[in-house]
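Novice: Take a look and give me a structure for this.
(2 chains)
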2 protein chains.
Amino acid sequence: MVGVDGPGSRHVEVHEAVLGWNERQAERNRGFFRAKGWLILNVLSAPGAGKTTLIQQSIGRLGDRAKVAVVVGDLATDHDARRLRQAAVSVVQITTGTICHLDADMVARAVGKLSLEEGGVLVIENVGNLVCPAAFDLGEDLRVAVLSVTEGEDKPLKYPPLFTGVDAVVISKVDMSVAAGFDRVKCYEALRRVAPRARVFEVSAKTGEGMDVWCEYLLERRRAHGVSL
Amino acid sequence: MVGVDGPGSRHVEVHEAVLGWNERQAERNRGFFRAKGWLILNVLSAPGAGKTTLIQQSIGRLGDRAKVAVVVGDLATDHDARRLRQAAVSVVQITTGTICHLDADMVARAVGKLSLEEGGVLVIENVGNLVCPAAFDLGEDLRVAVLSVTEGEDKPLKYPPLFTGVDAVVISKVDMSVAAGFDRVKCYEALRRVAPRARVFEVSAKTGEGMDVWCEYLLERRRAHGVSL
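Specialist: Take a look at the predicted model:
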């Protein structure tokens, strides 16, 4: 997941210890988030698939129907946080340095800096990476993968650990489908094999196509989500 | 790079041990490759930036001027290897399972299965990931980052560990620049800050734009590269 095997490496044991510890912190986060009545999204994708633009546009469309706060992870820069600050109630940037994913503890520490009222939606924008974030539960209710039409339809088959665990897949940048030669049938076939239970949305955050359906899904999931353990 | 810090984690020590071990194997690879007179490329990018298509088209254009073999890393599937097998002399697929990068030992084991004559070019297509592969020297002569115009111009600033160490950057899919709203000036500015010494190429493997300049660069680098330690 996050290491290599070879002489001198204690990869397997350490990895299990790290994950065991992360899972406990993730469950504590989950309890905390439920007590607050927040719906939590963990948004995953390759670099440049359009996570930040999707989140920006979702916040605008949700408007007063759901207040949104964002925790955003990047190796370096606060570009995404600056873009999101214009739209969201509250934004916290986590800069991971060289670490390829967020973990439950990073999220727990960021939450203290957030202001979000009950019934809000907390969106965690993970580091752009189709491998490492898959292994780290953050305590989220919905795990969402964003897959742009310019990346190639076979990505779900090539990165199964990430796609297998998601609740929803947002196919992004659909305004570029023709220019990119996107094969919709092939993409759905790949998703059906790897993530058969995931809800699939097709959106263009640029033109607005599909954004209402996606936002309705978030509102419906928040409604289904009472304040209880 | 490839782990998390937290109670129960021995991330730092293990990471150093793994990297120390990888660096020794990478130097052994480098010596072996030099003895063979091969030019070695380590090609890095986000998922879907177009590494495989770039390599395919490069092989076609190089033709008899340089024989190319490929080692290709993916978490799952042999899609890329199958695509490349039609063009390259010899292709070896490494399936990493859940590991987010190739390492020097994986490459060493794959090399035994390759057939490539002296003066050839070995292209290592790494796992699509802008974080983890940066830390792992494979014994290459040229580290090449592929950055597609659809990913956003700020990626070099957001993933500095990867871009800082590269010898060349291939800006790919330039046929989609307009549709993607690609800001060329901003991209070069980001590259100048993070990778000031890297040679930058703009190509479209689809239309052929820029491919000759890129292939000439490879031939020139191979000529500069004698069989010596």
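
Novice: hey, let's count contacts and neighbours off CA atoms from now on
Specialist: Noted.

Novice: where do the helices sit along chain A?
Specialist: With DSSP state H applied, chain A shows helices at A:11-36, A:51-62, A:79-85, A:104-111, A:155-158, A:160-164, A:177-180, A:184-194, A:211-223, listed in chain order.

Novice: Distance of the nearest residue to A:C187 once chain neighbours are set aside relative to A:G165?
Specialist: Distances taken as CA to CA, 6 or more residues apart in numbering or on different chains place A:E153 nearest to A:C187, at 4.5 Å, with adjacent residues excluded. With distances taken as CA to CA, to the nearest Å, A:E153 is found 18 Å from A:G165.

Novice: more crowded one of the two?
Specialist: The neighbour count for A:E153 versus A:G165, taken as other CA atoms under 10 Å in any protein chain shown, is higher for A:E153 (23 against 18).

Novice: In contact with that one, which residues?
Specialist: A:182-184, A:186-187, A:190 (CA atoms under 8 Å, 6 or more residues apart in numbering or on different chains).

Novice: what do you get for A:A49?
Specialist: A:146-148, A:151, A:172, B:151.

Novice: returning to what we had before: show the buried residues in the contacts of A:E153.
Specialist: Burial by neighbour count, 16 or more other CA atoms under 10 Å in any protein chain shown: within these this picks out A:182, A:187, A:190.

Novice: about what we covered before: where among the helices of chain A is average confidence lowest?
Specialist: Looking at the helices of chain A, the lowest mean pLDDT belongs to helix A:11-36 (a mean of 82).

Novice: does chain B sit close to stretch A:154-168?
Specialist: Yes. Residues of stretch A:154-168 are located near chain B by CA under 8 Å from any CA of the partner chain, namely A:155, A:157-161.

Novice: Quick check, pLDDT for the residue nearest to the spatial centre of chain A.
Specialist: Nearest residue to the geometric centre of chain A (CA atoms, centre = their mean): A:V43, 0.7 Å. With respect to pLDDT, A:V43 has a value of 98.

Novice: wait, it sits on A:E140?
Specialist: No. Counting by CA atoms under 8 Å, A:V43 does not reach A:E140; the two are 9.6 Å apart.

Novice: I'd like the distance between the nearest residue to A:N129 once chain neighbours are set aside and A:T96.
Specialist: In space, and not counting its chain neighbours, A:N129 is closest to A:A46: 4.7 Å by CA to CA, 6+ apart. Distance of A:A46 to A:T96, computed by CA to CA: 16 Å.

Novice: same deal with A:A205?
Specialist: 27 Å.

Novice: okay, these two: which has more neighbours?
Specialist: Comparing A:A205 with A:T96 by other CA under 10 Å, the one with more neighbours is A:A205, at 22 against 17.

Novice: who's in contact with A:V144?
Specialist: So A:V144 contacts A:41-44, A:166-170 (CA under 8 Å, 6+ apart).

Novice: for it, which residues make a bridge with it?
Specialist: Applying DSSP bridges to A:V144 yields these beta-bridge partners: A:V43, A:A168.

Novice: do the one 4 residues further on as well
Specialist: Here A:S148 shows beta-bridge partners A:S172, assigned using DSSP bridges.

Novice: same thing with A:V91?
Specialist: Counting by DSSP bridges, the residues bridging with A:V91 are A:V70.

Novice: Correct me if wrong: it contacts A:R85.
Specialist: Yes. Counting by CA under 8 Å, A:V91 does reach A:R85; the two are 5.9 Å apart.

Novice: Counting neighbours, go ahead and name the busier of the two.
Specialist: A:V91 (27 against 15).

Novice: on that earlier part again, take the buried ones among the contacts of A:E153 and write them to CSV, including distance to B:G31.
Specialist: CSV is the format used below for those (distance: CA to CA, whole Å):
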residue, distance to B:G31
A:F182, 43
A:C187, 43
A:A190, 41
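
Novice: Run a quick check on A:G120 versus A:R65, I expect a contact.
Specialist: No. In terms of CA under 8 Å, A:G120 does not count as a neighbour of A:R65; the distance is 9.3 Å.

Novice: tell me which residues of stretch A:30-43 are tucked away?
Specialist: A:30, A:32-34, A:36-43.

Novice: what's next to it, contact-wise?
Specialist: A:51, A:117-126, A:138-146, A:221-222, A:225-229.

Novice: switch to 7 Å and redo it
Specialist: A:118-126, A:139-145, A:222, A:226-229 (CA atoms under 7 Å, 6 or more residues apart in numbering or on different chains).

Novice: Those residues, buried ones only, as a PyMOL selection?
Specialist: PyMOL command restricting the contacts of stretch A:30-43 to the buried ones, with burial defined by 16+ other CA under 10 Å:
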select buried, chain A and resi 119+120+121+122+123+124+125+126+139+140+141+142+143+144+145+222
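
Novice: Inside strands: which ones of the contacts of stretch A:30-43?
Specialist: A:121-125, A:142-145 (DSSP state E).

Novice: count of neighbours near A:V178?
Specialist: 11.

Novice: Then A:L75?
Specialist: 22.

Novice: Looking at it now. What's its pLDDT?
Specialist: The model's pLDDT for A:L75 equals 96.

Novice: ok, now which ones touch it?
Specialist: By CA under 7 Å, 6+ apart, the neighbours of A:L75 are A:95-99, B:158-159.

Novice: same thing with A:E27?
Specialist: Per CA under 7 Å, 6+ apart, neighbours of A:E27: A:G139.

Novice: measure it to B:F33 for me?
Specialist: 49 Å.

Novice: re the thing from before, quick check: the residue nearest to A:N129 touching A:G128?
Specialist: Yes. The pair A:A46 and A:G128 passes the contact test of CA atoms under 7 Å, sitting 4.8 Å apart.
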